[in-house]
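Chemist: Fold the following and give me the result.
(2 chains)
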Protein chains: 2
Amino acid sequence: MQRVKIALCGASGVVGKEVLYCLSKLKFPVDVSSISLFTSSRSAGQKTETPFGEMMFELFELKKVKDFDIVFLSVGGGFSRQYARDLAEQNGLVIDKSSYFRYHKDVPLIIPEINGNEVKGKGLVSSPNCTTSILAMPLYPIYKAFGIKKVIVSTYQSASGAGKAGMDELEVQTRNWATGNPIENDAFVYQLPFNIIPHIDVFQENLYTKEEMKMVWEMRKIFDVSDLKISCTSVRIPTIRAHAESVTIETEKPVTRVGALEVLAKAKGVEIVDDSENNQYPMPLSATGKFDIEVGRIRENEVFGNRGLDFFVCGDQLLRGAALNAVLIAKRALDF
Amino acid sequence: MQRVKIALCGASGVVGKEVLYCLSKLKFPVDVSSISLFTSSRSAGQKTETPFGEMMFELFELKKVKDFDIVFLSVGGGFSRQYARDLAEQNGLVIDKSSYFRYHKDVPLIIPEINGNEVKGKGLVSSPNCTTSILAMPLYPIYKAFGIKKVIVSTYQSASGAGKAGMDELEVQTRNWATGNPIENDAFVYQLPFNIIPHIDVFQENLYTKEEMKMVWEMRKIFDVSDLKISCTSVRIPTIRAHAESVTIETEKPVTRVGALEVLAKAKGVEIVDDSENNQYPMPLSATGKFDIEVGRIRENEVFGNRGLDFFVCGDQLLRGAALNAVLIAKRALDF
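Modeler: Residues are numbered from 1 along each chain as shown, chains lettered A, B, ... in the order given. Down below sits the predicted model:
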């Protein structure tokens, strides 16, 4: 197989680093000599250790990013809005992690295991928000088997959702608490250690946050069900990099724990962690660093008669919630 | 008003201390000279600072606890099972914080603002589990105004739910993390800092935990609605002493945010903290130490058509979730 030329915009961020890790871990056929790591002027010129050896960050300029097979955008929505379309014209596949193009009709929003067939070898592709991709992994096989009428989700989202600044702030604040120093916040609206904040991204007119509505808009697009009923409450909690979600669903057909377990056992990218006798259930402690999404606490929910199911999921926000999904989109495009 | 003779069993625990704090804060007509603080042999004989001055812990013996007007039990279910009935025979009102008698038909389970009329001046009375009493405060007025068909709750429960041992363990583990020392756990099944544990109390046959089923059993008894449909997921998180709950309900009658706000504005023991423009919503940081339950993030939930409401609550687990509710039961019994 021909080696692939890869560019990464936003290479100095935490997701950028995880993209390189996933490329290496999945033995992606990368043309190592041509890997280009683009950043803003703040990091440009700095050296960095990567799984492919020491490399240097390079200042992004549109004209520099030409004729790459795959361009990963691990940047903010503003950058994507400005450059993603042009990058897609100048290069092969452009995979955008930002939210900007997720709701554009002509841009596919992809979780490879679900709608990977929409990925063409070229053009602009979007990767979903972290909580969406983490939940979609176990939810889609259940949807295919039993149908879904309603989804109610409450999230337990880690600091990594706010990038390196968020992770650093949680760690610094925690150390300051331990040493009796004042706790100052910048990345988050309030102190995060020993606190939780039910507010991620901006409030919408319907008083859900944008983070909560992303779950609705994106799940509908990925599942291709325009009226899927979902309500989400998104809460930032003091964990580092794995998101958990408490989920209640009403299915179309009757559903049982046993039936759900059978379906999930066959699902790709999902690990069943569900053994109450041995205290096994999804947790940030165990899900961190894993490619698969942990699903457990699966039980029949009598609130919805014989059509209700409760479960708990936990997945690494930087992996399936970001970098891994993007790299798997690239893998799917190459069909290797 | 005649001063009241008070005994407290489990006086050295965190809830015991908060009972004394609440008695003092509410200017309860306590006969200070007769306050008796009973403990196990571990604390007996030790002096302790209280809002009523320095006192001494005394070893519990049934025969010592006679002719008190009110006996507070802030002890485990085993102690209550063994002594509560006898204590109720020997004394006036016995208020039990343990779960042991909560489901006994002849023992009322009381939140004073809801079913305080069931409190008689004498006998044994139970006080509900923390998550139940915190949620019931805003839920009951909504139930009275709009009726309730379904309740779906996910909790964010603090370390204080496991008593002083739990709070200490979270603090010690956090300090050990900050200083690079090993993190050992004893009060909780797993490490709590930077982690969450979807497992509180023992698993039941239906694979809900007992903590989750307490919400169902207790809310039904307090609201006196034997078929109220509730599903709860209880999760321990690294906060100190306030529990939060993410709540979705389906009402009988159509409900709006404005209608719910009107009802909650009149509700006792509830503080509306719901101003998205100014980043005001319930949080452990602000709810800790408060007598009232914070309720906010109130929004119409389209999953249940025009009969759906989402909201978020946060309340001090040691206060409304334990000591305050018990003291308010006593206040109600005295009718002051």
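Chemist: Looking at the stretch 1-150 of chain A, which residue is nearest chain B?
Modeler: A:Lys150 (5.0 Å; CB to the nearest CB). (Each C-beta comes from the backbone N, C-alpha and C, glycine too.)
Chemist: Assumed that residue was part of a strand.
Modeler: Yes: judged by DSSP: H, G, I helix; E, B strand; the rest coil, A:Lys150 forms part of a strand.
Chemist: May I ask you to confirm that it is in contact with A:Ile249?
Modeler: Yes: using CB atoms under 8 Å, A:Lys150 is in contact with A:Ile249, at 6.5 Å.
Chemist: Between these two, which is the more surrounded one?
Modeler: Per other CB atoms under 10 Å in any protein chain shown, whichever of A:Lys150 and A:Ile249 has more neighbours is A:Ile249, with 26 against 22.
Chemist: hey, what's that one bridged with?
Modeler: A:Val151, A:Leu309 (DSSP bridges).
Chemist: hang on, it packs against A:Gly147?
Modeler: No: counting by CB under 8 Å, A:Ile249 stays clear of A:Gly147, with 10.0 Å between them.
Chemist: ok, and the closest non-adjacent residue to A:Ser246?
Modeler: B:Ser154 (3.8 Å; CB to CB, 6 or more residues apart in numbering or on different chains).
Chemist: and the stretch 101-250 of chain A, which of its residues are near chain B?
Modeler: Proximity of the stretch 101-250 of chain A to chain B (CB under 8 Å from any CB of the partner chain) is limited to residues A:150-152, A:154, A:156, A:174-175, A:177-179, A:189-191, A:193-199, A:203, A:206-208, A:229-231, A:233, A:235, A:237-240, A:244, A:246, A:248.
Chemist: Give me the buried entries from these.
Modeler: A:150-152, A:154, A:156, A:174-175, A:177-178, A:190-191, A:193-199, A:203, A:208, A:229-231, A:233, A:235, A:237-240, A:244, A:246, A:248 (16 or more other CB atoms under 10 Å in any protein chain shown).
Chemist: Could you tell me which ranges of chain A sit under the pLDDT cut-off?
Modeler: Along chain A, segments meeting pLDDT under 70 span A:1.
Chemist: rerun that using 90 as the cut-off
Modeler: Residue ranges of chain A with pLDDT under 90: A:1-2, A:120-121, A:302, A:334-336.
Chemist: quick check: domain ranges of it?
Modeler: A:6-128+A:322-334, A:132-317 (automatic domain parsing).
Chemist: Pull the distance from the longest one to the chain's centre.
Modeler: What it means is domain A:132-317. Chain-centre distance of domain A:132-317: 11 Å, with CA atoms, centre = their mean, to the nearest Å.
Chemist: And it, end to end?
Modeler: End-to-end distance for domain A:132-317, by CA to CA, to the nearest Å: 10 Å.
Chemist: before we move on, what about stretch A:150-170?
Modeler: 34 Å.
Chemist: any idea where the helices of chain A begin and end?
Modeler: A:14-25, A:77-90, A:112-115, A:130-146, A:163-178, A:210-223, A:257-265, A:284-287, A:324-334 (DSSP state H).
Chemist: Give the other helices and strands that the third one contacts.
Modeler: Where contact means 3 or more CB pairs under 8 Å, 6 or more residues apart in numbering or on different chains; DSSP states H and E, helix A:112-115 is packed against helix A:130-146, helix A:210-223, helix A:324-334.
Chemist: Try it again at 6 Å.
Modeler: Applying 3 or more CB pairs under 6 Å, 6 or more residues apart in numbering or on different chains; DSSP states H and E, one finds that helix A:112-115 contacts helix A:324-334.
Chemist: helices or strands up against the helix it packs on?
Modeler: On a contact count with 3+ CB pairs under 6 Å, 6+ apart, helix A:324-334 meets helix A:14-25, strand A:93-96, helix A:112-115.
Chemist: let's go with 8 Å and repeat that
Modeler: Helices and strands touching helix A:324-334, by 3+ CB pairs under 8 Å, 6+ apart, are helix A:14-25, strand A:70-73, strand A:93-96, helix A:112-115.
Chemist: Tell me which residue of chain A is furthest from the middle?
Modeler: A:Gly180 (34.9 Å; CA atoms, centre = their mean).
Chemist: Against B:Arg175, how distant is that residue?
Modeler: Taking CB to CB, to the nearest Å as the measure, A:Gly180 falls 11 Å from B:Arg175.
Chemist: shared neighbours, those two?
Modeler: Counting by CB atoms under 8 Å, 6 or more residues apart in numbering or on different chains, A:Gly180 and B:Arg175 have no contacts in common.
Chemist: Tell me, how many residues neighbour A:Lys164?
Modeler: 16.
Chemist: Look up how far A:Leu26 lies from the nearest residue to it once chain neighbours are set aside.
Modeler: For A:Lys164, ignoring the flanking residues on the chain, the nearest one in space by CB to CB, 6+ apart is A:Val14 at 4.7 Å. Distance, A:Val14 to A:Leu26, using CB to CB: 18 Å.
Chemist: Repeat that for A:Asn278.
Modeler: A:Asn278 is 31 Å from A:Leu26, by CB to CB.
Chemist: Looking at those two, which has the bigger crowd around it?
Modeler: A:Leu26 (16 against 6).
Chemist: Just to check, that one is in contact with A:Arg332?
Modeler: No: shown here, A:Leu26 and A:Arg332 do not form a contact pair, counting by CB under 8 Å, at 11.4 Å.
Chemist: any residues in contact with both of these two?
Modeler: Shared contacts of A:Leu26 and A:Arg332 (CB under 8 Å, 6+ apart): none.
Chemist: So for stretch A:307-324, first residue to last residue, what's the gap.
Modeler: 33 Å.
Chemist: residues making contact with stretch A:8-20?
Modeler: By CB under 8 Å, 6+ apart, stretch A:8-20 touches A:35-39, A:42-43, A:46, A:48, A:50-52, A:57, A:60, A:65, A:71-75, A:79, A:83, A:87, A:97, A:160, A:163-164, A:167, A:318-319, A:322-324, A:326-327.
Chemist: before we move on, what about stretch A:213-230?
Modeler: So stretch A:213-230 is contacted by A:99, A:102-103, A:109-111, A:114-115, A:128-129, A:131-132, A:135-136, A:139-140, A:143, A:148-153, A:201, A:204, A:206, A:208, A:231-232, A:234, B:302-303 (CB under 8 Å, 6+ apart).
Chemist: Mind checking which of the residues you listed are buried?
Modeler: A:99, A:102, A:109-111, A:114-115, A:128-129, A:131-132, A:135-136, A:139-140, A:143, A:148, A:150-153, A:201, A:208, A:231-232, A:234, B:303.
Chemist: anything in contact with each of A:Lys150 and A:Ile249?
Modeler: A:Phe304.
Chemist: Hmm, A:Phe79 is touching A:Leu73, no?
Modeler: Yes: look at A:Phe79 against A:Leu73 with CB under 8 Å: they come within range, at 7.1 Å.
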